[in-house]
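In: Quick check, what structure comes out for this input:
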Amino acid sequence: MRKVILYIAMSLDGYIADKNGGVDWLTGQDKEAESGDTYSEFINGIDTVVMGRTTYDQVREELSPEIWPYEELTSYVITHKNERSTENIKFVREDPCELTERLRRQPGKNIWICGGKSIIQPMVRDNLIDEYHISVIPTILGSGIPLFGKEEKEIKLRLKYAKTSNGITELVYERKIKVAFVCVHNSCRSQIAEALGRKYLSDICDCYSAGTETKPRINQDAVRLMKQVYGIDMEADQYSKLFTDIPKADIIVSMGCNVACPYIPGSLNLNWGLEDPTGQSDEKFMEIINLIEQKVHELREDILKLQKEEV
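Out: Numbering: from 1, shown residues only. The predicted structure follows:
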């Protein structure tokens, strides 16, 4: 799956450029000392770069006027101006989020979001960035162009690694995986899976449940047994939902009722093949609940293994 990566430097107080758009402050604490080279390793996994027109002009005119530094990559420059594209530089009039979603569906290496803020901030807002690779420069600007805008909702991230060289701290965070457990009515098995997912997976992913239809209430036998066995009150903050009520998921787990899962680019679709215990004995209910718990633990191991392979 192609990743969308924000690879950028910012000041200690969160600016990517000074008030005049300048970036001549992008140095370590000792100008004579060498800083660690993370760019070479990073760029080996990239074949596409997305940037705004201001960033493009800055690279062309200030940072690298003699040669285009991304000659080996396909560059997409989002602009309102009419420009003639070349083989490697594509000038496009397209929403950055829609462009990135389109590119993500295509085969290739990872996608680098290069800047500037009008490109980055909508993608942060829509939670489209899979990995944040941010170099914190030991400089306080006091004002300038901020990396992050004001967001209406928080976004939980997971620290992948951090290291320091010449006063510059490299922070790499990854977006938490989103898992959706689905069945037709989202009232029993998928609700149990969401509750157990929240219990056992909350440190590595966000869990949701949904269906193609809804019920007025969660299955009351499921509610009773989950409270009795795990102390989880599913009715406290869970309810029957449609696919359209939850965020786009990276992993979609069908409970096994042949529910028609929506097509989401890049998603991994699993089918647990679980029998519906509705209307059956407590013993049968507990059999299914125990199977769901077992599969949630297996899912955890699979996710951790995938994340370890990506480091």
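In: How is the protein divided into domains?
Out: 4-175, 177-310 (automatic domain parsing).
In: Could you identify which of those domains is most buried?
Out: domain 177-310 (a mean of 18; mean count of other C-beta atoms under 10 Å). Heads up, the C-betas are built off the backbone N, CA and C, glycines and all.
In: hmm, back to that, dump the domains of the chain to CSV, plus mean pLDDT.
Out: Converted to CSV, the domains of the chain look like this (pLDDT from 0 to 100):
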stretch, mean pLDDT
domain 4-175, 93
domain 177-310, 90
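In: thought Lys81 was touching Gly52?
Out: No - between Lys81 and Gly52 there is no contact under C-beta atoms under 8 Å: 11.5 Å.
In: wait, isn't Ala33 in contact with Thr27?
Out: No - shown here, Ala33 and Thr27 do not form a contact pair, counting by C-beta under 8 Å, at 9.8 Å.
In: Can you show me the helices along the stretch 51-200 of the chain?
Out: With DSSP state H, counting those that start in this stretch, the ranges of helices along the stretch 51-200 of the chain come out as 53-58, 96-104, 117-125, 189-201.
In: can you list the ones you listed in a markdown table and add distance to Gln307?
Out: Listed next are these as a markdown table, based on distance: least, C-beta to C-beta, whole Å:
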| stretch | distance to Gln307 |
| --- | --- |
| helix 53-58 | 30 |
| helix 96-104 | 19 |
| helix 117-125 | 21 |
| helix 189-201 | 12 |
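In: Contact partners for Gly28?
Out: Contact analysis of Gly28 by C-beta atoms under 8 Å, 6 or more residues apart in numbering lists Ser35, Ile137, Pro138, Ser165, Asn166, Gly167, Ile168.
In: Make sure Asp221 is indeed in a helix.
Out: Yes - looking at Asp221 with DSSP: H, G, I helix; E, B strand; the rest coil, it is inside a helix.
In: Nothing else from me, thank you.
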